[in-house]
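Novice: can you look at this prediction? I've put the sequence above it.
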Amino acid sequence: MSQLDRGGPAVPPVSPGPGWPTTPPPHRPLGTGDPREAGPYRLEAVLGAGGMGRVYLGRTPAGSEVAVKLVHREYAGDRAFRKRFEQEVAAAGRVQGLYTVPVVDADLQAEEPWLATAYVPGPSLQDAVDDEGPLPEAAALGLVAKVAEALQSIHAAGVIHRDLKPSNIILTAEGPKVIDFGIARAADVTSVTGTGMRAGTPGYMAPEYIRGHELTEAVDVFALGLVAHFAVTARLAFGGGSAHGVTYRILEQEPDLDGCPAPVRTVAARCLAKDPQQRPDPAAVIQLCRGNPAPEATVVDVHSAPTRPAHSAVPAPPPTKQDPEEAAPSRPASPSPPVGYSPFAALAAPLRRGRGGAGAGGVVLGLVLVLAVVLTVFLVPWGGTGGDSPPWLKPTVTLTGPGDSAADVAFSPDGRTLAAGVQQGKLRLWDVATRKQRATLEQRDERGEEQLQRISSVEFSPDGKVLAGAAGDHTVGLWDLAGRRQVATFEASPTDQVRDIAFSPDGKVLATGSEDGKVRLWDVDSSETRRIATLDHGQPVWNVVFSPDGGTVASAAYDPAGSSLHTAMLWDVADHTSAHALRHPKSVAGVAFGKDGTTLFTVGSDDRIRQWDVNSGREKDPLAEGGFTSADGVVSSSDGKTLATFAWTEARLWNPDDGTPRAVLTGHKDSVESVAVSPGGGLVATTARDGKLRMWKVPKAG
């Protein structure tokens, strides 16, 4: 019996039309480093890459399409991860539902474990909203109800999704499909995610998940409430900013549901209860959606909506001898969209009851997303579009190739080369002017064997002759760039991962910060690397930087749950002592020196860019405060004229003299992990959790 034969008002038939956002994104061809097969499946294209692995379009021997996820080797080498991954894949294989994507095969003993699922062509909810704007109320209610039905199927199999978010919901003509259920749990047990970190996405994590409490299915309902709010507002209910700031607001504040239509707000508010026992279960969520029926089917005419010119094509790169900052093409700043305009059109019928029983939501809703014009919606964070607002910039180019997953990025001192650490011990070099890849350096561990861990931090020496890369196995490698050979490898921490590295201005000393709470200084100027000093910060160190004169090192540390230290430290390099402990009311995420070395900038989860007098350790007036100043990190350009902060899916540029905002860099699909500013200040490069390395041409400081 078809769904339309079960009684209730019929859903008008829908025929796909051109421009619908159910068209899958284009496939990327396989690169030279990509495998050609996984088990019995022939791999044909790259569908995506992220922190945990790469996803390929595969084909069975009979010709059917599947999506094959290969796990990065740094995860594969973790026994705890393998064991939990095996358990979760087995559980995920039991999930069956109309709005879930089934697991069809897996090999968990392979050198790179993989699993295959049915291939679902279509954009994610994240991409659809990013590109086309918020969904209409009726479409959003239907979407939420169907995702709730998917959660019923997932929970019935004994699985908790743990990472439900818009990028894990694929839009198809048959309705939304939920992917990646249960996989986040496997990552939670591995050291790859870092001390005190969870594998979920901060903006979609329930309070009990953040606190490390025992989890129930209610964590997925909390995430569903956040998905509902995002679908109709294109905003995060607990705001953006640093991961620390977002999680603090989830724990301590109520969600900001302003602008959320009343029926959807009712659903979201119930799902976002702090107490998991006060949240509705998925069946009750479906009832909430059914209690707010969609209007009769309508199609919104968007043909008369105002449009804006499409971006011009990227010009061909000029000769390499040209200034790399002038050579890089620019993309115009993007204006705000017309007020109230949405390129989505909903074709919907009232929600009605389907089959009974505990596992059935039975929601029928025709979700049709019709496009008449092509434009991207941008939310201007400083409000309005007047002359006081900084430009909202999209990336000029994405440099990482298919299958790459960049973790950190750095410009060479002359600005002509860009380096990034990628998966499996590789460092890649790009020519900034031509945007072409120059070389791939394959780092070796202390035994001279292939480095299987991700390169998490990269740094050029001040003369540009040496490149340092910190790997996930506690080691740091040094490269002679002229000969492109690895000249040294040393263990920078006996027990924990190195999170950041920094050269002294004369290039003779390398500072490392690691998760064991130590800042170590290394002599890298002699024939054999030796440790000069060990400085005890007391908490896992995430950021280290030298002052311009080399006399001081600053460090910032991550505060584990329950800690109240919240300090940045200033260390005297000459006598290896603590000069000042700079106390903050909340966690400190990053440090950067001003151009003359007398001022230190710090950022964290307290909505301020703080300034400190380096000599006295006293706090000055904040450089900037209020919304969008919380950050996960901060860097200063080598000329001291630009300060860059990054948080969530954005990077922001500031005038370090007066705190004036200069630009917002958007276009990331996941949390930004690192930022680098070119020596001349005209280019900015970023990496994000989605593994992409992006570059912008930005207005130079005056």
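Specialist: Thanks, I have it.
Novice: now Leu251: which helix or strand?
Specialist: Leu251 is part of helix 243-252 when elements are defined by DSSP states H and E.
Novice: report the buried residues of that helix.
Specialist: The neighbour-count check on helix 243-252 (16 or more other C-beta atoms under 10 Å) flags Ala243, His244, Gly245, Val246, Thr247, Tyr248, Arg249, Ile250 as buried. Every residue, glycine included, has its C-beta placed from N, CA and C.
Novice: which segments of the chain make up each domain?
Specialist: Domain assignment for the chain by automatic domain parsing gives 17-300, 396-403+494-697.
Novice: quick one: low-confidence residue ranges for the stretch 551-700 of the chain.
Specialist: For the stretch 551-700 of the chain, the stretches with pLDDT under 70 are 559-565, 626-628.
Novice: any chance you could map the strands in it?
Specialist: Assigned strands in the stretch 551-700 of the chain, in chain order: 552-557, 567-572, 577-583, 588-593, 599-604, 608-613, 624-625, 633-636, 643-647, 650-654, 661-665, 672-677, 683-688, 693-697 (criterion: DSSP state E, counting those that start in this stretch).
Novice: the inter-axis angle of the third one versus strand 567-572?
Specialist: Same thing as strand 577-583. Between strand 577-583 and strand 567-572, the angle comes out at 160 degrees (axes from the mean of the first three to the mean of the last three C-alpha atoms, to 10 degrees).
Novice: got the contact list for strand 577-583?
Specialist: 535, 552, 566-572, 588, 600, 602, 612, 614, 616-617, 619 (C-beta atoms under 8 Å, 6 or more residues apart in numbering).
Novice: circling back to that earlier point, take the strands of the stretch 551-700 of the chain and write them to a markdown table, including distance to Leu272 and mean neighbour count.
Specialist: Rendered in a markdown table, the data for the strands of the stretch 551-700 of the chain read as follows (distance: least, C-beta to C-beta, whole Å; neighbours: other C-beta atoms under 10 Å):
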| stretch | distance to Leu272 | mean neighbour count |
| --- | --- | --- |
| strand 552-557 | 31 | 26 |
| strand 567-572 | 33 | 21 |
| strand 577-583 | 33 | 16 |
| strand 588-593 | 25 | 26 |
| strand 599-604 | 25 | 27 |
| strand 608-613 | 27 | 20 |
| strand 624-625 | 27 | 18 |
| strand 633-636 | 28 | 24 |
| strand 643-647 | 22 | 27 |
| strand 650-654 | 23 | 25 |
| strand 661-665 | 27 | 21 |
| strand 672-677 | 25 | 24 |
| strand 683-688 | 26 | 26 |
| strand 693-697 | 32 | 24 |
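Novice: now the strands for the stretch 51-200 of the chain?
Specialist: Under DSSP E, counting those that start in this stretch, the stretch 51-200 of the chain gives strands at 53-59, 65-71, 103-107, 114-118, 169-172, 175-178.
Novice: select, out of those, the one closest to Pro548.
Specialist: strand 53-59 (40.0 Å; C-beta to C-beta).
Novice: what's the closest one packed up against?
Specialist: strand 41-49, strand 65-71 (3 or more C-beta pairs under 8 Å, 6 or more residues apart in numbering; DSSP states H and E).
Novice: got a markdown table for those, with distance to His474 and mean neighbour count too?
Specialist: Shown next, in a markdown table, are the helices and strands packed on strand 53-59 (distance: least, C-beta to C-beta, whole Å; neighbours: other C-beta under 10 Å):
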| stretch | distance to His474 | mean neighbour count |
| --- | --- | --- |
| strand 41-49 | 25 | 19 |
| strand 65-71 | 21 | 22 |
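Novice: of those strands, which approaches Val698 most closely?
Specialist: strand 41-49 (25.7 Å).
Novice: residues contacting the closest residue to Ser153 other than its chain neighbours?
Specialist: Nearest-residue entry for Ser153: Gly97, 2.7 Å, with adjacent residues in sequence omitted and distances by C-beta to C-beta, 6 or more residues apart in numbering. Shown in contact with Gly97 (C-beta under 8 Å, 6+ apart): Glu149, Ala150, Gln152, Ser153, Ile154, Gly359.
Novice: phi, psi for Gly97 please.
Specialist: Main-chain torsions, Gly97, degrees, to the nearest 10: phi -170, psi 160.
Novice: quick one: low-confidence residue ranges for the stretch 401-550 of the chain.
Specialist: Across the stretch 401-550 of the chain, residues meeting the criterion (pLDDT under 70) sit at 401-403, 446, 451-452.
Novice: 80 instead?
Specialist: 401-405, 423-425, 445-454, 472-473, 495 (pLDDT under 80).
Novice: start to end distance for stretch 582-602?
Specialist: 9 Å (C-alpha to C-alpha, to the nearest Å).
Novice: and the residue lying closest to Pro276 once chain neighbours are set aside, what are its phi and psi?
Specialist: Nearest residue to Pro276 in three dimensions, chain neighbours excluded: Ala218, at 3.6 Å (C-beta to C-beta, 6+ apart). Reported as degrees, to the nearest 10, the phi and psi values for Ala218 are phi -60, psi -20.
Novice: can you count the residues close to Ala218?
Specialist: Around Ala218 there are 21 other residues, counting by other C-beta atoms under 10 Å.
Novice: quick check: it vs His27, distance?
Specialist: 37 Å (C-beta to C-beta, to the nearest Å).
Novice: returning to what we had before: show the subsequent helix or strand relative to the helix holding Leu251.
Specialist: That would be, after helix 243-252 and using DSSP H and E, helix 262-271.
Novice: what packs against that next one?
Specialist: Using 3+ C-beta pairs under 8 Å, 6+ apart as the test, helix 262-271 ends up in contact with helix 137-156, helix 218-233, helix 282-290.
Novice: what are the buried residues along it?
Specialist: Applying 16+ other C-beta under 10 Å to helix 262-271 flags Pro263, Val264, Arg265, Thr266, Val267, Ala268, Ala269, Arg270, Cys271 as buried.
Novice: contacting residues for the spatially closest residue to the fifth one that is not a sequence neighbour?
Specialist: In other words, Val267. Excluding the flanking residues, the one nearest Val267 by C-beta to C-beta, 6+ apart is Leu288, at 4.8 Å. For Leu288, the contact set (C-beta under 8 Å, 6+ apart) comprises Thr266, Val267, Arg270, Pro280.
Novice: ditto for Thr495
Specialist: Counting by C-beta under 8 Å, 6+ apart, Thr495 touches His474, Asp516.
Novice: again, only this time at 7 Å
Specialist: Contact analysis of Thr495 by C-beta atoms under 7 Å, 6 or more residues apart in numbering lists Asp516.
Novice: nearest residue to Glu619 in space, please, no chain neighbours.
Specialist: Trp612 (5.5 Å).
Novice: returning to that earlier point: out of the helices and strands packed on strand 53-59, the one nearest Gly259 is which?
Specialist: Using C-beta to C-beta, these put strand 41-49 closest to Gly259, at 30.2 Å.
Novice: any idea how far that closest one is from the middle of the chain?
Specialist: 21 Å (C-alpha atoms, centre = their mean, to the nearest Å).
Novice: just checking: what are the partner strands of that strand?
Specialist: Paired with strand 41-49 in the same sheet, following DSSP bridges, are strand 28-29 (antiparallel), strand 37-38 (antiparallel), strand 53-59 (antiparallel).
Novice: tell me the buried residues in stretch 409-419?
Specialist: Using 16+ other C-beta under 10 Å as the test for burial, stretch 409-419 gives Val409, Ala410, Phe411, Ser412, Pro413, Gly415, Arg416, Thr417, Leu418, Ala419.
Novice: relative to Tyr119, how far out is the third one?
Specialist: In other words, Phe411. Distance, Phe411 to Tyr119, using C-beta to C-beta: 39 Å.
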